[in-house]
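K.L.:
model the following, please.
(chains A and B, ligands or ions: 2)
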Amino acid sequence: MPILTIDQVMHAYVTNQSAVLALDHLSLNVERGEFLSFLGPSGCGKTTLLSIVAGLITPTKGRVLIEGKEIHTMRQTIGYMLQHDYLFPWKTIEQNVTLGLKLTGKYSEKTKRQTLALLHQIGLRDVDDRYPNELSGGMRQRAALVRTLATDPKILLLDEPFSALDYQTKLKLEDLVWETLKQYRKTALLVTHDIGEAIAMSDRIVLFTARPGKIQKIVTVPDSLRACTPFQARQHPDFSPLFQMIWKELESIEQT
Amino acid sequence: MNKHEWLQRIYDQYMAYEKREKRIVRFFQAIIVITFFSLWEIASRFQWIDPLLFSSPSSIWHLFITKIRDHTLLSHTTVTLTETILGFIVGTMIGVCFATILWWFPRVSKIVDPYLVILNAMPKVALGPILIVALGPNMTSIVAMGAIISIIITTIVVYTSFKEVDANYIKVLQTFGATKQQWFTEVILPASFPTIISTLKVNVGLSWVGVIVGEFLVSKQGLGYMIIYGFQVFNFTLVLLSLLMIALLSSIMYQLVGWLEKKLIKRA
Ligand SMILES: Nc1ncnc2c1ncn2[C@@H]1O[C@H](COP(=O)(O)OP(=O)(O)OP(=O)(O)O)[C@@H](O)[C@H]1O
Ligand SMILES: [Mg+2]
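P.N.:
Numbers count the residues shown, from 1 in each chain, chains lettered A, B, ... in the order given. Ligands and ions are numbered 1, 2, ... in the order given. You can find the predicted model right below:
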C-alpha cells in the first residue's frame, strides 16, 4: 500500500473577488521511502498541494490518504517545513527547535538532546540560546529544518528548504538531508525551482503545468543517479541529459 | 599601533562623544526647569502675572511643607495613587480579556465591531454621574472611572494586534497539531507583547484622567478633590500644588512601565 495517496484532488481559493482554481484533478501515489520533487512555474499550486497533504487546508474536492487513513487522524506522521523559516522571534533557537516536541508531548531529556545534537550536526553550534534575529538566513533555514525533523515525522514536506542558502552550504545540506532520509527510510516531498537539485535528490520528479496546477509529466530518475549522493549525482554523466530533457519540458509548459 | 589598540581607541572616542552629548542634553533640560521656575517666581513677585491666580513656586513650596507636616498631602496622594493604579490595572486587564474573547470567537468580533466603534467615540467621563449613582460616591466608582476610560481603546488596539500576527506562525503550530489555546499562548500573546506594553503607556495617562474627573465629582478626598476644593475657595496655590504632584507621580508611573518593557522584551 502506498504511504501517501492523493486522489482526484481539486482546490479552489475563494475570496470576495472570485474563486480561483489552483489545483485541477491531481492524483498521485507515493511509496514509503520515496523522494519526490515538484517542479513547476511560480503560482502553479505547489505550496497549496503541500498544505493539503499536511492537512492545513481541506481540498475543495478529492481526498488525501496516509497509509489508507484520512489525514486529520495522521497529522503526527507529517513534518512540514514552510517556504519561509517562520522561526518564532520571541523564542531562542533551542526553544524553537524543540517546539514540536513540546506540542506533540514528545518532549523529554532524551529527545531534547537528540534535537540539539542534530542542530550541531547540521553546523549550528553555540546558537542554542540565541534569538533568530541574530542568525543569518541560511542558519535560520537550517534551524527550521531541525525543528521539522525533531518530531521524527514519517513524511517530510519541504517547501524550497534550500532556497535562501549559498551554493556551498546548499550542496552540503542536500547531502546531509538525503543521507538522513535514506537512513531512516523517510518519505519526502520537495518543492524546488532548482532542476539540478530535483535530479540530484529525487527518485521521481513531478512536473506541473501552470495554473491551475495539473501533472504534466512524471520523470523517473535512472537508478544510476539514485544510487549516488546528491553531490556525486551532479557529476554523473547521466545528469546532464536528464537536465536537458526536463529543461525542455518546462520550456514547453511555459509556452502553453 | 596594532589593530586591537586602534579599535579600542575608536570605541573610546565614540563613548566619550556619547557621554558629552548626554551631558549637553541634561544641561539644557536643567536650564529649562530652572528658567521656568525662576521666571514664574519673578513674574509673580513683580506682579507681572496675578499672584492670586498663578501663585508662585515659593508659595507652593511653603504650602507643600505645611501639607506634609499636617499629613494631609500624603493621605490625599495615597488615595489618588491607589485609585489610579487599580483603575489602570483593572482597565488594562479587562481590555486584554475582551480582546482575547474577540480573537477566540471571530463571529462575536464581527457582530460587536460597530458597537466598539461607537463606545470608543463616546466620551467615557460623561458616564461619571451614572457610575457614582450606581456604585455610590466612593472609591469603587472612582476606580471604575479610571478603568472604564481605557477598556475600549485597549480592547481595540490589542485585538487589532492579535489579528495582525502573521498567520504562518499559526500554520507552524498547526503542523504539530496544536490546540487553539496553544496558538494563543505560543504565538498570539508573545507576538503582541510590544503592543500590549505600548497600550500600558497610553493607559497610564488615561487612568489619571478618569480618576481625577472621578474625584472632581465625588469630592471627598484625593488630589482631584484638592483641585476642586482649591478652586472653590479660590486657593490656586493648592490647585497648582496638586497639579505638580500629579505630573510627578504620573511620570514616575510612566517610567515604571518603561522599565517593565525593558524587562519583558529581552530580544533586541
Ligand atoms: N490564500 C490564498 N487565497 C487566494 N489565492 C491563493 C491563496 N494562496 C494561493 N493562492 C493562489 O493559488 C495559486 C497557487 O499558489 P501556491 O502558493 O500554491 O503556488 P506555488 O506553486 O507554491 O508558487 P511559488 O513557486 O511561487 O511558491 C496562486 O495563483 C495563488 O495566487
Ligand atoms: Mg510556494
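
K.L.:
which bits of chain A sit near ligand 1?
P.N.:
For chain A, the residues in contact with ligand 1 (Cβ under 6 Å from any ligand atom) are A:13, A:15, A:20, A:22, A:42-48, A:83, A:211. C-beta here means a position set from N, CA and C on the backbone, and glycine is covered the same way.

K.L.:
in ChimeraX, select just the buried ones from these.
P.N.:
Restricted to buried positions by 16 or more other Cβ atoms under 10 Å in any protein chain shown, the ChimeraX selection for the residues of chain A next to ligand 1 reads:
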select /A:22,44,45,46,47,48,211
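
K.L.:
which of the residues of chain A next to ligand 1 fall within helices?
P.N.:
Among the residues of chain A next to ligand 1, DSSP state H puts A:46-48 in helices.

K.L.:
gap between the residue nearest in space to the middle of chain B and chain A?
P.N.:
By Cα atoms, centre = their mean, chain B has its centre lying nearest to B:Val204, at 1.6 Å. According to Cβ to the nearest Cβ, to the nearest Å, B:Val204 and chain A sit 24 Å apart.

K.L.:
ok, now which ones touch the residue in the stretch 101-250 of chain A that chain B sits nearest to?
P.N.:
Of all residues in the stretch 101-250 of chain A, the one sitting closest to chain B is A:Leu103 (4.1 Å; Cβ to the nearest Cβ). If you count contacts by Cβ atoms under 8 Å, 6 or more residues apart in numbering or on different chains, A:Leu103 has them with B:173, B:176-178, B:182, B:186.

K.L.:
for chain A, what spans make up the strands?
P.N.:
With DSSP state E as the criterion, chain A has strands at A:4-14, A:19-30, A:35-39, A:61-66, A:69-70, A:78-81, A:155-159, A:187-191, A:204-208, A:215-220.

K.L.:
would TSV of those strands with mean pLDDT be doable?
P.N.:
Formatted as TSV, the strands of chain A follow (pLDDT from 0 to 100):
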stretch	mean pLDDT
strand A:4-14	91
strand A:19-30	89
strand A:35-39	94
strand A:61-66	90
strand A:69-70	82
strand A:78-81	90
strand A:155-159	92
strand A:187-191	94
strand A:204-208	93
strand A:215-220	90
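
K.L.:
so can I have JSON lines of those strands showing distance to B:Ser219?
P.N.:
Shown next, in JSON lines, are the strands of chain A (distance: least, Cβ to Cβ, whole Å):
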{"stretch": "strand A:4-14", "distance to B:Ser219": "60"}
{"stretch": "strand A:19-30", "distance to B:Ser219": "64"}
{"stretch": "strand A:35-39", "distance to B:Ser219": "74"}
{"stretch": "strand A:61-66", "distance to B:Ser219": "70"}
{"stretch": "strand A:69-70", "distance to B:Ser219": "69"}
{"stretch": "strand A:78-81", "distance to B:Ser219": "64"}
{"stretch": "strand A:155-159", "distance to B:Ser219": "66"}
{"stretch": "strand A:187-191", "distance to B:Ser219": "70"}
{"stretch": "strand A:204-208", "distance to B:Ser219": "76"}
{"stretch": "strand A:215-220", "distance to B:Ser219": "80"}
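
K.L.:
in stretch B:233-247, what counts as buried?
P.N.:
In stretch B:233-247, counting by 16+ other Cβ under 10 Å, buried: B:235-243, B:245-246.

K.L.:
er, stretch A:196-210 actually
P.N.:
Within stretch A:196-210, judged by 16+ other Cβ under 10 Å, the buried ones are A:196-210.

K.L.:
ok, those residues vs B:Ile10, which is closest?
P.N.:
The closest of the buried residues of stretch A:196-210 to B:Ile10 turns out to be A:Glu197 (Cβ to Cβ; 44.3 Å).

K.L.:
wait, doesn't the closest one sit right on A:Ser163?
P.N.:
No: assessed by Cβ atoms under 8 Å, A:Glu197 is found out of contact with A:Ser163, at 9.6 Å.

K.L.:
ok, back up a step: and the residue nearest to the centre of chain B, what does it touch?
P.N.:
Going by Cβ under 8 Å, 6+ apart, B:Val204 touches B:88, B:250, B:253-254, B:257.

K.L.:
top of those by neighbour count?
P.N.:
Counting neighbours by other Cβ atoms under 10 Å in any protein chain shown, B:Phe88 leads the contacts of B:Val204 with 26 neighbours.

K.L.:
that one sits in which helix or strand?
P.N.:
Secondary structure assignment for B:Phe88, by DSSP states H and E: helix B:72-104.

K.L.:
name the nearest residue to residue 95, ignoring sequence neighbours.
P.N.:
Chain wasn't specified; assuming chain A. Among residues not flanking A:Gln95 along the chain, A:Phe88 sits closest, at 7.6 Å (Cβ to Cβ, 6 or more residues apart in numbering or on different chains).

K.L.:
actually chain B
P.N.:
Nearest non-adjacent residue to B:Gly95 (Cβ to Cβ, 6+ apart): B:Thr154, at 2.6 Å.

K.L.:
next up, the contacts around B:Leu241.
P.N.:
B:Leu241 neighbours (Cβ under 8 Å, 6+ apart): B:60, B:63-64, B:67, B:73, B:226.

K.L.:
got a winner among those residues for most neighbours?
P.N.:
B:Met226 (25 neighbours).

K.L.:
isn't it right up against B:Leu244?
P.N.:
No: applying Cβ under 8 Å as the test, B:Met226 and B:Leu244 come out as separate, 11.3 Å apart.

K.L.:
give me the distance between B:Tyr11 and B:Glu18.
P.N.:
B:Tyr11 sits 11 Å away from B:Glu18, going by Cβ to Cβ, to the nearest Å.

K.L.:
which of the contacts of B:Val204 lies closest to ligand 1?
P.N.:
B:Val257 (38.2 Å; Cβ to the nearest ligand atom).
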